[in-house]
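>>> fold the following.
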Amino acid sequence: MTPIDKRARDAAAPIDWDDASQGDADNEAAFKPLTREEAQALRARNPAISPWRVVAVQAAAGLVCAALWWLFTQGSGGWWSALYGAIAVVVPNALMAWGMTRRPVADAGAALLSMMFWESIKIFLVIAILVAVVKTASDLDWLALLLTMIVCLKINWLALLTRGRFKKISDGN
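Numbers count the residues shown, from 1 in each chain. Below you'll find the predicted structure:
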């Protein structure tokens with residue numbers, strides 16, 4: 001039998017979708033809960049990212065962008081636009097971080113609902129800030145505003161990429 005014939009025969013065979021009857025090779029259940037020690041070791045290997053640290057790094061990146069814009073444009077009004085871009089990202093993220101960390105939630109459904117609520121507040125606040133900036137700023141530099149917003153937003157990805165890559169100095173490693 002040729003390999004093409006074997007593939008055709010295997011494709012025509014019925015597929016067993018019964019996941020309940022499948023387990024590990026030793027006939028154990030497919031899911032095994034962690035012990036307390038295993039859960040603690042997993043948490044130690046994958047530390048949580050502080051939202052306040054991410055917000056602080058976003059604010060620092062926004063200030064650096066505004067300073068660079070001021071430096072390269074010889075103090076023209078574009079650095080204010082860069083600062084507005086940083087504000088449009090940092091203030092809503094700080095509000096969401098405050099809302100999500102102010103009190104713990106008991107179950108997953110409440111946590112999801114809380115996250116959706118604060119995310120919608122964050123979106124509306126970003127829109128309100130941008131509308132206010134457009135209405136009040138006379139010499140708005142859109143390039144400075146948008147580039148600074150992009151840099152500040154990419155800090156979230158940087159935090160995820162560097163998660164667990166740097167050990168704390170107090171670990172002794």
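>>> neighbours of residue 96, how many?
Close neighbours of residue 96, defined as other CB atoms under 10 Å, add up to 21. All C-beta atoms are positioned from the backbone trio N, CA, C, and that covers glycine.
>>> just the one 5 residues further on next, same as before
The burial count assigned to residue 101 is 11, neighbours taken as other CB under 10 Å.
>>> need the pLDDT of it.
On pLDDT, residue 101 comes in at 88.
>>> over to the one 3 residues further on?
Residue 104 carries a pLDDT score of 82 in this model.
>>> tell me the secondary structure at it.
Three-state assignment for residue 104 (DSSP: H, G, I helix; E, B strand; the rest coil): coil.
>>> what's the following helix or strand after the longest helix anywhere in the chain?
For the chain, the helix with the greatest residue count under DSSP state H is helix 108-136. Note on helix 108-136: by DSSP states H and E, the next helix or strand toward the C-terminus is helix 142-161.
>>> buried set for stretch 147-159?
For stretch 147-159, burial by neighbour count (16 or more other CB atoms under 10 Å) applies to 147, 148, 149, 151, 152, 155, 156, 159.
>>> also stretch 60-78?
By 16+ other CB under 10 Å, the buried positions in stretch 60-78 come out as 61, 62, 65, 66, 68, 69, 70, 78.
>>> can you check stretch 113-124 too?
By 16+ other CB under 10 Å, the buried positions in stretch 113-124 come out as 118, 122.
>>> which residue sits closest to the spatially most central residue of the chain, ignoring its sequence neighbours?
What sits nearest the mean C-alpha location of the chain, by CA atoms, centre = their mean, is residue 156, with 4.8 Å. Distances taken as CB to CB, 6 or more residues apart in numbering place residue 54 nearest to residue 156, at 6.4 Å, with adjacent residues excluded.
>>> number of residues surrounding the one you found?
Using other CB under 10 Å, residue 54 has 18 other residues around it.
>>> mind telling me what element it is part of?
Per DSSP H and E: helix 51-72 holds residue 54.
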